[in-house]
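**Student:** this one's sequence-less:
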Ligand code: AMP
């Protein structure tokens with residue numbers, strides 16, 4: 001596996017592969033790799049001739065009071081895991097490689113119709129920072145296919161729109177969320193949870209699944225959302241949102257969109273922000289008499 005932190009090395013290697021007709025897959029990450037990340041790498045390996053994984057804790061997507069400084073950085077074990085999986089190139093840049101003119105750039109890359117809701121409301125720096133870094137990484141890596149997790153479903157939809165609107169010739173793949181045995185979505189931030197919080201955390205996923213199923217019972221979307229938000233609040237979560245949305249547009253259900261629904265939630269458990277989402281099976285939506293009340 002090639003390890004590179006430099007723009008020019010990366011470009012030379014990838015250009016060589018492309019000149020030889022190789023298809024290049026790319027998995028952007030912030031490191032502290034777990035099985036969810038590694039599943040993306042395996043999917044890239046299965047589909048592409050060469051795979052690049054980036055590890056970069058991106059400063060521009062963190063707000064001033066967020067966990068940029070304390071975000072877990074585990075470079076050596078990450079590189080070892082990537083080597084074992086047969087990753088071809090690990091790109092581990094420093095901030096000056098990604099932001100050679102500093103992080104206070106003049107350009108904003110924004111997808112407001114998808115970003116000004118859900119996580120975007122409480123984390124205003126988050127999606128502009130992600131769009132900026134993904135744009136820069138796409139230009140540097142120049143892959144054929146890029147892989148993202150449905151765990152961050154709003155981000156996935158924003159990147160799909162940005163890639164299309166800005167004319168990147170990159171196919172975007174979204175892969176299912178990997179979970180612990182008790183349903184908790186794998187996340188680098190799960191390490192922050194105390195023992196007691198870790199025991200409570202799977203209730204978030206349980207609530208999402210139950211809310212989806214409840215739509216079939218005839219309860220309205222608003223009642224289902226209110227009920228499960230209350231259940232989670234009473235279980236000790238501080239719920240940011242619990243919301244049933246059209247999965248393409250992220251619009252609230254009832255705004256005249258197709259019935260392709262997904263339940264989204266974000267909540268603080270102690271000081272740890274957890275996010276998760278699940279698709280509502282179509283047959284449940286179709287059989288839900290009160291879904292649009
Ligand atoms: P991050 O390191 O948090 O920026 O995540 C890098 C990529 O891994 C993103 O595309 C995430 O959506 C994806 N990812 C994170 N957690 C999971 C998971 N539990 N299952 C699948 N993909 C994940």
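**Tutor:** On my side now, so go ahead. Just so we're clear, the structure is a prediction, and the values are computed from it rather than from any experiment.
**Student:** Now tell me what touches stretch 109-123 from outside.
**Tutor:** For stretch 109-123, the external contacting residues (C-beta atoms under 8 Å, 6 or more residues apart in numbering) are 63, 66, 126-128, 131-132, 135, 154, 157-158, 161-162, 165-166, 240-241, 243, 245, 249-250, 264, 266, 275. Any C-beta I mention is one placed from the backbone N, CA and C, and that applies to glycine too.
**Student:** what comes up buried for it?
**Tutor:** Neighbour-count burial for stretch 109-123, counted by 16 or more other C-beta atoms under 10 Å, picks out 109, 110, 111, 114, 115, 117, 118, 119, 120, 123.
**Student:** In helices, which of the residues you listed fall?
**Tutor:** Counting by DSSP state H, the part of those found in helices is 114, 115, 119, 120.
**Student:** any idea how far the third one is from the ligand?
**Tutor:** Residue 119 sits at a distance of 12 Å from the ligand (criterion: C-beta to the nearest ligand atom, to the nearest Å).
**Student:** swap in the last one?
**Tutor:** With the distance defined as C-beta to the nearest ligand atom, residue 120 ends up 16 Å from the ligand.
**Student:** again with the first one
**Tutor:** Counting by C-beta to the nearest ligand atom, the separation of residue 114 from the ligand is 15 Å.
**Student:** Chain neighbours aside, what residue packs nearest to that residue?
**Tutor:** The shortest distance from residue 114 to any non-neighbouring residue, by C-beta to C-beta, 6 or more residues apart in numbering, is to residue 158 (4.9 Å).
**Student:** Contacts only, for the one you found.
**Tutor:** Contact analysis of residue 158 by C-beta under 8 Å, 6+ apart lists 111, 114, 115, 127, 130, 131.
**Student:** mind running it again at 7 Å?
**Tutor:** 111, 114, 115, 127, 131 (C-beta atoms under 7 Å, 6 or more residues apart in numbering).
**Student:** Next: residue 148.
**Tutor:** 155, 156, 159, 172, 174.
**Student:** Near the ligand, which residues of this protein are found?
**Tutor:** Within the chain, the positions near the ligand by C-beta under 6 Å from any ligand atom are 29-30, 36-37, 39-40, 148-149, 151-152, 175, 177-178, 185-188.
**Student:** Could you list which of those belong to helices?
**Tutor:** Counting by DSSP H, the residues of the chain next to the ligand place 36, 37, 39, 40 in helices.
**Student:** What count of nearby residues applies to the spatially closest residue to the third one that is not a sequence neighbour?
**Tutor:** If I follow you right, that is residue 39. The shortest distance from residue 39 to any non-neighbouring residue, by C-beta to C-beta, 6+ apart, is to residue 178 (5.4 Å). For residue 178, the neighbour count with other C-beta atoms under 10 Å is 18.
**Student:** cool, residue 41 as well?
**Tutor:** Neighbours of residue 41 under the rule other C-beta under 10 Å: 22.
**Student:** ok, back up a step: am I right that the residue nearest to residue 39 is in contact with residue 35?
**Tutor:** Yes. Look at residue 178 against residue 35 with C-beta atoms under 7 Å: they come within range, at 5.2 Å.
**Student:** Report the set of residues contacting both of those two.
**Tutor:** Shared contacts of residue 178 and residue 35 (C-beta under 7 Å, 6+ apart): residue 186.
**Student:** So for stretch 53-72, what gets flagged as buried?
**Tutor:** In stretch 53-72, counting by 16+ other C-beta under 10 Å, buried: 53, 54, 55, 56, 57, 58, 59, 60, 61, 62, 67, 71.
**Student:** any chance of the contacts of residue 148 in a markdown table, plus neighbour count and pLDDT?
**Tutor:** A markdown table is the format used below for those (neighbours: other C-beta atoms under 10 Å; pLDDT from 0 to 100):
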| residue | neighbour count | pLDDT |
| --- | --- | --- |
| 155 | 24 | 98 |
| 156 | 18 | 98 |
| 159 | 26 | 98 |
| 172 | 17 | 98 |
| 174 | 17 | 98 |
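**Student:** Could you tell me which of the residues you listed belong to helices?
**Tutor:** Residues of these located in helices (DSSP H): 155, 156, 159.
**Student:** other SSEs contacting the longest helix anywhere in the chain?
**Tutor:** Taking DSSP H as the criterion, the chain has its longest helix at helix 126-141. Helix 126-141 is packed against helix 7-19, strand 24-29, helix 119-122, helix 153-165, with contacts defined by 3 or more C-beta pairs under 7 Å, 6 or more residues apart in numbering; DSSP states H and E.
**Student:** and these, which is most packed in?
**Tutor:** Among those, ranked by average contacts under mean count of other C-beta atoms under 10 Å, first place goes to strand 24-29 (a mean of 26).
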